[in-house]
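Q: Please work out how this folds:
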Amino acid sequence: MARDQIDMTPLQSRDELVAWLEAGVKPESEFRIGTEHEKTPFTLEGHQPVPYEGAKGIGALLEGMKLLLGWEPIMERGNIIGLYDVTGGGAISLEPGGQFELSGAPVETVHQTQSELMAHLAQVREIATPLGIGFLGLGMTPSWSRAQIPVMPKGRYKIMRNYMPKVGKYGLDMMFRTCTVQTNLDFSSEADMVKKLRVSLALQPIATALFANSPFTEGKPNGFLSFRSEIWRDTDNARSGMVPFAFEDGMGFERYVDYALDVPMYFVKRGEEYIDVSGSSFRDFFAGKNAAFPGERPTLSDWANHLSTIFPEVRLKRYLEMRGADGVPWGRLPALPAFWVGLLYDNDSLDAAWDIVRHWSAPERQALRDDVPRFGFKSRIKDRYLFEIAKECLILSHAGLRRRGRIDHLGRDESRFLEPLERIIEAGRSPAEEMLEKFNGPWKGSVEPAYQEYAF
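A: Numbering: from 1, shown residues only. Purely as a prediction, here's the structure:
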């Protein structure tokens with residue numbers, strides 16, 4: 001989510017950190033679906049990155065969106081860096097390389113996710129097309145070098161940019177060259193959170209394979225189906241990965257808090273200022289031992305901001321965030337929330353999914369996570385191909401969505417949004433494999449056609 005929260009109450013005890021997460025618990029009747037997606041802006045002429053500045057830049061695009069939508073601008077040092085709907089709808093924010101993100105409103109059905117997406121695309125096109133800007137639905141920019149990509153005027157990214165090369169080799173690629181689609185889902189109790197976290201963590205590689213969509217770097221095949229997913233394996237392992245402790249006895253909100261306390265921080269925000277505290281732990285800050293703030297204790301805002309800088313495959317905030325999928329063209333975006341809603345919001349499907357994964361060990365889950373960026377459906381766990389497990393999970397998700405029975409105005413339930421994934425399973429190959437076939441065939445060894453075929 002774009003805005004860094006403002007709640008300046010100093011924290012007194014660890015219990016408050018736990019309570020902040022626990023406040024996410026809600027009855028099933030209030031479960032919502034939040035979908036966030038990123039897309040890469042490019043110039044329609046020449047397929048180049050779009051700078052922030054200028055009459056046809058990203059700043060101008062945001063200004064146009066502000067006028068069109070009547071949303072409140074998010075400003076930083078005089079620059080517009082995002083927009084939000086004061087009525088509790090969505091928000092628009094910028095990733096470090098100008099990737100344009102819609103954080104959707106919390107909605108009740110995947111039908112509403114689809115409607116929100118269609119409205120957003122119509123609005124974005126209305127402003128972007130006259131500016132000569134298009135948007136690409138891939139997990140990674142297919143043709144640009146990192147040096148070509150402009151930097152957005154956001155203070156937190158400057159701190160991250162300096163810190164990333166110290167902790168992994170791909171952090172800057174993650175920031176500037178990748179796009180994802182995520183879905184955020186609720187839990188009804190601590191036990192429900194733990195069960196959903198475990199199932200979704202173990203099965204995140206399935207989403208990675210189904211949505212694998214980043215096989216090109218700088219115009220050539222990079223040897224992976226989801227290079228975006230590979231990038232996360234060496235971005236910053238202190239804050240990403242498969243959080244194996246989630247599967248241990250005693251897992252709950254407290255255990256996640258203890259994990260987060262030791263994840264190195266990036267920044268502390270005071271007013272408009274982002275103060276670089278990169279590498280120091282929240283635990284020390286909490287004990288009044290941060291060098292930049294001697295004797296000062298963090299606030300709830302600091303805690304919320306810190307939790308938003310932790311990047312495991314599934315992230316716990318006041319909801320669970322599914323983080324394993326590449327960005328995809330718009331027609332496939334609602335398939336991600338549909339897949340996870342069918343698995344996690346239906347108790348029969350959730351139980352059946354737990355039965356699939358509960359005998360997997362931490363090293364087996366990790367090996368699957370490590371293999372999936374390169375091998376996709378051909379990855380294996382316990383003598384089974386991921387393809388078979390993906391097929392099984394799709395059937396479970398389908399059944400879960402049918403049982404949910406949320407019907408649109410034409411009498412269709414949400415299972416229709418799984419159709420793109422069912423086609424992928426029928427074809428037996430991921431979107432990236434299909435794209436590589438095009439590259440080696442009709443595209444004649446060029447990634448340029450992607451700017452037509454995979455544009456929003």
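Q: what's in contact with the helix or strand harbouring Ser301?
A: Following DSSP states H and E, one finds Ser301 within helix 300-307. Applying CB atoms under 8 Å, 6 or more residues apart in numbering, the contact partners of helix 300-307 are 4-9, 11, 16-17, 20, 260, 263, 265, 267-269, 282, 285, 298, 315-317. Backbone N, C-alpha and C define where each C-beta goes, glycine included.
Q: and those, which are buried?
A: With neighbours counted by 16 or more other CB atoms under 10 Å, those contain buried members at 4, 11, 17, 20, 260, 263, 265, 267-269, 282, 285, 298, 315-317.
Q: before we move on, back to that, in the sheet, which strands lie alongside the helix or strand following the helix holding Ser301, parallel or antiparallel?
A: Sequence-wise, the next helix or strand downstream of helix 300-307 (DSSP H and E) is strand 311-312. Paired strands of strand 311-312, with direction, are strand 240-241 (parallel) (DSSP bridges).
Q: what element comes up after the host helix or strand of Ile424 heading to the C-terminus?
A: Take DSSP H and E as the rule and Ile424 turns out to sit in helix 419-427. Scanning forward in sequence from helix 419-427 by DSSP H and E, the next helix or strand is helix 431-440.
Q: Name the residues of that following helix that come out as buried.
A: By neighbour count on 16+ other CB under 10 Å, the buried set for helix 431-440 is 431-433, 435-436, 439.
Q: just these now: which is nearest Pro420?
A: Relative to Pro420, the closest of those is Pro431; by CB to CB it sits at 8.9 Å.
Q: residue contacts, that closest one?
A: Shown in contact with Pro431 (CB under 8 Å, 6+ apart): 211-213, 328, 332, 424.
Q: In strands, which of these fall?
A: Within the contacts of Pro431, no residue falls in strands by DSSP state E.
Q: closest to Phe339 among those?
A: Lowest distance from Phe339 to those (CB to CB) belongs to Phe211, with 9.2 Å.
Q: Near that closest one, how many other residues are there?
A: By the criterion of other CB atoms under 10 Å, Phe211 has 31 neighbours.
Q: same thing with Arg32?
A: For Arg32, the neighbour count with other CB under 10 Å is 15.
Q: just to revisit the earlier point, where strands are concerned, which of the contacts of helix 300-307 count?
A: Short answer: the contacts of helix 300-307 in strands (DSSP E) are 267-269, 315-316.
Q: Mind putting those residues into a markdown table with distance to Ala55 and pLDDT?
A: Below are these laid out as a markdown table (distance: CB to CB, whole Å; pLDDT from 0 to 100):
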| residue | distance to Ala55 | pLDDT |
| --- | --- | --- |
| Phe267 | 32 | 97 |
| Val268 | 36 | 96 |
| Lys269 | 31 | 94 |
| Arg315 | 38 | 98 |
| Leu316 | 43 | 98 |
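Q: just to revisit the earlier point, from the contacts of helix 300-307, which land in helices?
A: Residues of the contacts of helix 300-307 located in helices (DSSP state H): 16-17, 20, 260, 282, 285.
Q: ok, which pair from those is furthest apart?
A: Spatially, the most separated pair among those is Trp20 and Phe285, at 15.2 Å (CB to CB).
Q: Buried by neighbour count: which residues of the helix holding Ile424 qualify?
A: Within helix 419-427, the residues scored as buried using 16+ other CB under 10 Å are 420-421, 424-425.
Q: now stretch 109-116
A: Here stretch 109-116 shows 109-114, 116 as buried, counting by 16+ other CB under 10 Å.
Q: For the closest residue to Glu38 other than its chain neighbours, report the pLDDT, please.
A: Leaving aside its chain neighbours, Glu38 sits nearest to Cys179 (4.0 Å; criterion: CB to CB, 6 or more residues apart in numbering). On pLDDT, Cys179 comes in at 98.
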